[in-house]
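J.: Quick one: sequence plus predicted model below, questions after.
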Amino acid sequence: MLATAEVARDRRSLRRGLLGRDGIDGAIVLERCRWVHTIGMRFELDVAHLDADGRVLRVATMRRHRVGRPVIASCCVIEAQRGAFERWGLHVGDVVEVRASDDDPGVAPAVKPDDAATGDRSRSPGTDGSG
């Protein structure tokens, strides 16, 4: 799987996350994060908690106006529009690698190494929702 992801590193971008948006193509990576909420969100989210090695510890779909449970072992969270993880085939136990883009260090492709090694890009998200 290959998907474009924004990376929120500073306090301001971590606080804002996806608030005020009508959707997102790709995902956002919230570094140094153990829990998220969808209070004030305009759309439902897929949420994945990752450990320091990038292994997916927990995957959940969150409806709007909810507070998620903290995952203590989590070092970052990936948020995407509901349905994205299913299209991408992202599950608990998968390993996600986040690499900085040469063009913009705040935007990175999130790569699941097992697919990257085989060159499989068939599950990459599209803007038309076809995945």
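T.: Received, thanks.

J.: so Thr38 touches Ala60, yeah?
T.: No - judged on C-beta atoms under 8 Å, Thr38 makes no contact with Ala60 at a distance of 10.7 Å. All C-beta spots, glycine's among them, are computed from the backbone N, C-alpha and C.

J.: Find residues that contact each of those two.
T.: Gly68 (C-beta atoms under 8 Å, 6 or more residues apart in numbering).

J.: pLDDT weak spots in this structure?
T.: 1-2, 13-17, 19-20, 100-131 (pLDDT under 70).

J.: all strands for it, in order.
T.: 2-8, 27-31, 45-50, 56-62, 76-81, 97-98, 107-111 (DSSP state E).

J.: would you turn these into TSV with distance to Arg21 and mean neighbour count?
T.: Below are the strands of the chain laid out as TSV (distance: least, C-beta to C-beta, whole Å; neighbours: other C-beta atoms under 10 Å):
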stretch	distance to Arg21	mean neighbour count
strand 2-8	11	20
strand 27-31	9	22
strand 45-50	11	25
strand 56-62	15	16
strand 76-81	9	24
strand 97-98	20	15
strand 107-111	15	19
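
J.: how about a markdown table for those, with distance to Arg69 added?
T.: Below are the strands of the chain laid out as a markdown table (distance: least, C-beta to C-beta, whole Å):
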| stretch | distance to Arg69 |
| --- | --- |
| strand 2-8 | 20 |
| strand 27-31 | 15 |
| strand 45-50 | 10 |
| strand 56-62 | 8 |
| strand 76-81 | 12 |
| strand 97-98 | 23 |
| strand 107-111 | 23 |
